[in-house]
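Enquirer: Quick one: sequence and predicted model below, then my questions.
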Amino acid sequence: MDQSVIEGVPGRYWHRLEDGRVQCDLCPRYCKLHEGQRGLCFVRARQNDQILLTTYGRSSGFCIDPIEKKPLNHFLPGTPVLSFGTAGCNLTCKFCQNWDISKARALDRIQDRASPEAIAQAAVKSGCRSVAFTYNDPVIFLEYAVDVAQACRARGIKTVAVSAGYIAREPRTEFFRHMDAANIDLKGFTEGFYKTLCSGKLDPVLETLEYLEHETDVWFEITTLLIPGENDACEEIEAESRWVMEHLGPDVPLHFTAFHPDWKMMETPATPPATLKMARRIALEAGLHYVYTGNIHDGAGQSTYCQGCGAILIGRDWYDLTAWNLSADGRCVDCGAACAGVFDAGHGTWGRRRQSITVPAFR
């Protein structure tokens, strides 16, 4: 137990228990805290009989990325997105590929400080069409993310949540009300996978996906990192693909991406490209329209095809766009069939660049 003084802004989702503890109601963990204790995420803590967010206004750094890196293939393709995260996470994935940020337990890891207004202004000044909450899960810094999203929306900037979708029902409604797009990390498709490798549960993530599809206008895509021997069996990929088809529909893009050894799974081999291509084939056979491979070089598996005539609508080479055959209203120029997504009349030209950016600090 840490009895030192904890600094932060008041959190919105918690309540007191009869035994004197305070329960955080932000995510399905429902951490029950004594005075001075932190939740598993580390960044939400009890101080003076309330829950504080200790990372408000603090970031592990700002970068401009291609929107395809989130990954989002059907949301303003080719455009730059101002990306940032804070620290901590409410899952404990042994394969985390941003572990130095998400597993940080010292707030000196997040030295950059910026107000919501400064972030929105930086996005406008740098020519970014959107701001992404990424690198660690924005669910755990909900109050900061929502304030940034409001500042961005006031300036015509879109917001993107890159999240595992591990959030409770009431905060989920508030959080996604302020988002324009999301990529949800569906880490596996068995309770055993979530329990053993993430210390979480599958059902809350599926509930978030259904909520996004049926109760919001948020454009969202799904990513599954395929880990050899853990979640890459044909049967599991088939089950996931069928679930997406039956519960979300054929137009939700699904990305299968390659694992590389990291964090606590250094002995697990990288995902073979053949596994990703097999998964893509299974998902397409299940009826999904837009299925992609990621973290490998695969132009065919990363391009977007027309569901009417099979023509390439958006060609891709990693994060570079190599072809664009969409009309101003998002239709195939050959046959007129609509492509699901959020598109401008043309496409951006940011490409695969990654550029660091400085956002003015709090004064």
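Expert: Perfect, I can see it now. Numbering: from 1, shown residues only.

Enquirer: hey, let's count contacts and neighbours off CA atoms from now on
Expert: OK.

Enquirer: Looks like V81 contacts V131 (just checking).
Expert: Yes. At 5.3 Å, V81 and V131 qualify as touching, with contact defined as C-alpha atoms under 8 Å.

Enquirer: Name all residues that make contact with the spatially most central residue of the chain.
Expert: Centroid check for the chain by C-alpha atoms, centre = their mean gives V162 as the closest residue, at 1.5 Å. V162 makes contacts with 70, 132-135, 137-138, 182-185, as judged by C-alpha atoms under 8 Å, 6 or more residues apart in numbering.

Enquirer: if you set the cut-off to 10 Å instead, what comes out?
Expert: 70-72, 83, 85, 132-139, 181-185, 220-223 (C-alpha atoms under 10 Å, 6 or more residues apart in numbering).

Enquirer: In strands, which of these appear?
Expert: Of the contacts of V162, the ones assigned to strands by DSSP state E are 83, 132-133, 181-185, 220-223.

Enquirer: Go through these and say which is closest to S199.
Expert: S199 lies nearest to D185 out of these, by C-alpha to C-alpha, at 15.0 Å.

Enquirer: I figured the closest one hits S163, correct?
Expert: Yes. The criterion here is C-alpha atoms under 10 Å, and D185 meets it with S163 at 6.1 Å.

Enquirer: Find residues that contact each of those two.
Expert: Contact criterion C-alpha under 10 Å, 6+ apart; residues bridging D185 and S163 by contacting each: 205, 222-223.

Enquirer: What residues of stretch 175-188 count as buried?
Expert: Counting neighbours by 16 or more other C-alpha atoms under 10 Å, one finds that the buried residues in stretch 175-188 are 175-176, 178-188.

Enquirer: what about the residue nearest to the centre of the chain, which helix or strand?
Expert: Per DSSP states H and E, V162 falls inside strand 158-163.

Enquirer: what inclination does that strand have with respect to strand 181-185?
Expert: Orientation check (axes from the mean of the first three to the mean of the last three C-alpha atoms, to 10 degrees): strand 158-163 against strand 181-185 gives 10 degrees.

Enquirer: following strand 158-163, which helix or strand comes up?
Expert: By DSSP H and E, the next helix or strand past strand 158-163 is helix 169-177.

Enquirer: which other helices and strands contact that next one?
Expert: Applying 3 or more C-alpha pairs under 10 Å, 6 or more residues apart in numbering; DSSP states H and E, we find helix 169-177 packed against helix 142-154, strand 158-163, helix 203-215.

Enquirer: Would you mind giving the ones you listed as TSV with mean pLDDT added?
Expert: Shown next, in TSV, are the helices and strands packed on helix 169-177 (pLDDT from 0 to 100):
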stretch	mean pLDDT
helix 142-154	98
strand 158-163	98
helix 203-215	98
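
Enquirer: coming back round to it: any idea how far the residue nearest to the centre of the chain is from W243?
Expert: Here the criterion is C-alpha to C-alpha, to the nearest Å. By it, V162 lies 21 Å from W243.

Enquirer: now the stretch 201-350 of the chain, which segments are flagged as low pLDDT?
Expert: For the stretch 201-350 of the chain, no stretch has pLDDT under 70.

Enquirer: 90 instead?
Expert: Applying pLDDT under 90 to the stretch 201-350 of the chain flags residues 262-263.

Enquirer: so what's K103 scoring on pLDDT?
Expert: If you check K103, the pLDDT there is 71.

Enquirer: Contact partners for it?
Expert: The contact partners of K103, taken as C-alpha under 10 Å, 6+ apart, are 41-42, 87-93, 96, 136, 263.

Enquirer: ditto for Q355
Expert: Contacts of Q355 (C-alpha under 10 Å, 6+ apart): 62-66, 80, 82.

Enquirer: any chance of those residues in CSV, plus neighbour count?
Expert: Conversion of the contacts of Q355 to CSV gives the following (neighbours: other C-alpha atoms under 10 Å):
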residue, neighbour count
F62, 17
C63, 18
I64, 24
D65, 26
P66, 27
P80, 29
L82, 29
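
Enquirer: Against W219, how distant is D320?
Expert: 21 Å.

Enquirer: more crowded one of the two?
Expert: Just comparing D320 and W219: by other C-alpha atoms under 10 Å the higher neighbour count belongs to W219, 21 against 18.

Enquirer: Quick check: closest non-adjacent residue to A340.
Expert: D251 (6.2 Å; C-alpha to C-alpha, 6 or more residues apart in numbering).

Enquirer: I'd like to know which of the buried residues of stretch 175-188 is nearest to W14.
Expert: Among the buried residues of stretch 175-188, and counting by C-alpha to C-alpha, the member closest to W14 is F175, at 15.4 Å.

Enquirer: who's in contact with the closest one?
Expert: Per C-alpha under 10 Å, 6+ apart, neighbours of F175: 138-139, 142-143, 145-146, 149, 161, 167.

Enquirer: what's the most distant pair in those?
Expert: The largest separation in these, counting by C-alpha to C-alpha, is between A149 and I167 at 17.8 Å.

Enquirer: Pick out whichever of those two has more residues nearby.
Expert: Applying other C-alpha under 10 Å to A149 and I167 shows that A149 carries more neighbours, namely 30 against 23.
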